[in-house]
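Visitor: this one's structure only:
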């Protein structure tokens, strides 16, 4: 999994999503653009990608497309229409763009397979799109949005759990809900 942090501003969201799909197909990777205000940390994304991969391995995937499956796990929901709310907004928003080639998870880090290079190349293509302005976005999540989206209660926070841990738990619970 490779990430690109950016501000994304698009006029035609459907056309932008189609461009991402084309770039993903060209490089053999899944690409997903997410509103960074809902992403608590890199581990949130990493866990979602791992669980999406596992769902495909077991034939338990909800979506037919790996990028959509990743989105479902990031959002912690089985409802694609609801999960799409975590995608980028046409008016512009801070974003994290994930490129993931399944082979990176099954090979050792020093075993050459081209997966990481395909992910990097895909993100370079994404970076060249007019809608993309590279910017640091990961770690700047919106606490109110995260609490509302993942239904984090005051009682949970009083136990000493931090938001990131609770979000990662919600992501993992999607497997149980199947």
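Guide: Happy to help now that I have it. The shown structure was predicted, so the numbers you read here are calculated from the model rather than taken from an experiment.

Visitor: which residues of the protein fall in helices?
Guide: For the chain, applying DSSP state H gives helices covering 13-27, 42-58, 66-75, 80-83, 115-127, 143-149, 154-158, 163-177.

Visitor: just those: most buried one?
Guide: Across the helices of the chain, averaging neighbours per residue (mean count of other CB atoms under 10 Å) puts helix 66-75 on top, at a mean of 24. Using the backbone N, CA and C atoms, a C-beta is placed for each residue, glycine as well.

Visitor: for the helices of the chain, which one sits closest to residue 4?
Guide: helix 115-127 (4.5 Å; CB to CB).

Visitor: which non-adjacent residue is nearest residue 76?
Guide: Spatial nearest neighbour of residue 76, excluding adjacent residues (CB to CB, 6 or more residues apart in numbering): residue 170 at 4.1 Å.

Visitor: I'd say the one you found and residue 74 touch.
Guide: No. If you go by CB atoms under 8 Å, residue 170 and residue 74 don't touch, sitting 10.2 Å apart.

Visitor: TSV for the helices of the chain, including distance to residue 1 and mean pLDDT?
Guide: Listed next are the helices of the chain as TSV, based on distance: least, CB to CB, whole Å; pLDDT from 0 to 100:
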stretch	distance to residue 1	mean pLDDT
helix 13-27	13	96
helix 42-58	5	95
helix 66-75	9	96
helix 80-83	18	95
helix 115-127	7	95
helix 143-149	21	95
helix 154-158	27	86
helix 163-177	14	84
